[in-house]
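Asks: Please find the sequence and the predicted model below.
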Amino acid sequence: MPTRPRKPAPAPAKRPGHKKGGPKTPEGKAVVAKVLAEHAFKPGPDSRRAPGRPSGGLSVLEWSNALADATEAELAAAAGDADAPWSKRTAAARMLRTLEAGDLADFGPVLDGTMTLADLRKSGVNTAVVKKCKTRTHTGDGGGTEVEREVELHDRAGDEYDRVLDRMYGRARQSVDHKHDLADAVRADLTAVLDALRDPKAAALASALGERLAEQPGPAGAPPD
């Protein structure tokens, strides 16, 4: 059955005033070139990353190595120095986290209600190790109230220590290389088969099986051997 040829799709209608391509006049081309030049990336000290300047991550790594022999007080001073570079303060703050060892006994006054966290901080206790501090008030059947306080401390020193080592020395490779040679496996199977055929009992069994198969009649219509 002959098929009718399809009619070509109509061309899309042009919008009024639509022009294809960029400006055609020299004045228009000059304006476009000026705009592109103003917004083009210009490497230099005022750019986001000047040529030859290390990245922020490498700067933190360098400060971590430079502060390796600093005391806890020196690290705290570097982390709290608002005029210090960001990379130095970040390195000092990460290294300080590895020294965190909060003692719940220091927060006994908070648990019994005699002091607040702000009071403890003024007294010299490091309250940055506190992860959660809750106060619940329960009203009993007799109308009395019971206050329950809870303090949970951070346990992040080990994670921060691993993070510092990963950034300095690289994360240890965690993979297992396994090589499987198919030829060796096939060779081993063939060796096992040949060893079994060398066994006198296996050879006798194979011979008897061959004789029995020879005695069986062939398929109908098949010519005799």
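Replies: All right, it came through fine. Numbering: from 1, shown residues only.

Asks: pLDDT at residue 28, what is it?
Replies: On pLDDT, residue 28 comes in at 80.

Asks: Distance check, it against residue 129.
Replies: When Cβ to Cβ, to the nearest Å is applied, the distance between residue 28 and residue 129 equals 65 Å. Heads up, the C-betas are built off the backbone N, CA and C, glycines and all.

Asks: between those two, who's got more neighbours?
Replies: More crowded of residue 28 and residue 129, by other Cβ atoms under 10 Å: residue 129, with 21 against 11.

Asks: check contacts around the more buried one.
Replies: Contacts for residue 129 (Cβ atoms under 8 Å, 6 or more residues apart in numbering) come out as 100, 102, 153, 154.

Asks: Quickly list the domain ranges of the protein.
Replies: With automatic domain parsing serving as the domain definition, the record reports that the chain contains domains spanning 54-100+156-171, 103-155.

Asks: Comparing those, which comes out most buried?
Replies: Greatest average neighbour count among the domains of the chain goes to domain 54-100+156-171 (a mean of 15), per mean count of other Cβ atoms under 10 Å.

Asks: I'd like the mean pLDDT over that domain, please.
Replies: Domain 54-100+156-171 comes out with an average pLDDT of 82.

Asks: next one: stretch 116-127
Replies: 87.

Asks: can you check stretch 8-19 too?
Replies: When pLDDT is averaged along stretch 8-19, the result is 64.

Asks: And residue 67, how close does it get to residue 78?
Replies: 7 Å.

Asks: so what sits against both of the two?
Replies: Overlap of the contact sets of residue 67 and residue 78 (by Cβ under 8 Å, 6+ apart) consists of 88, 91, 92.
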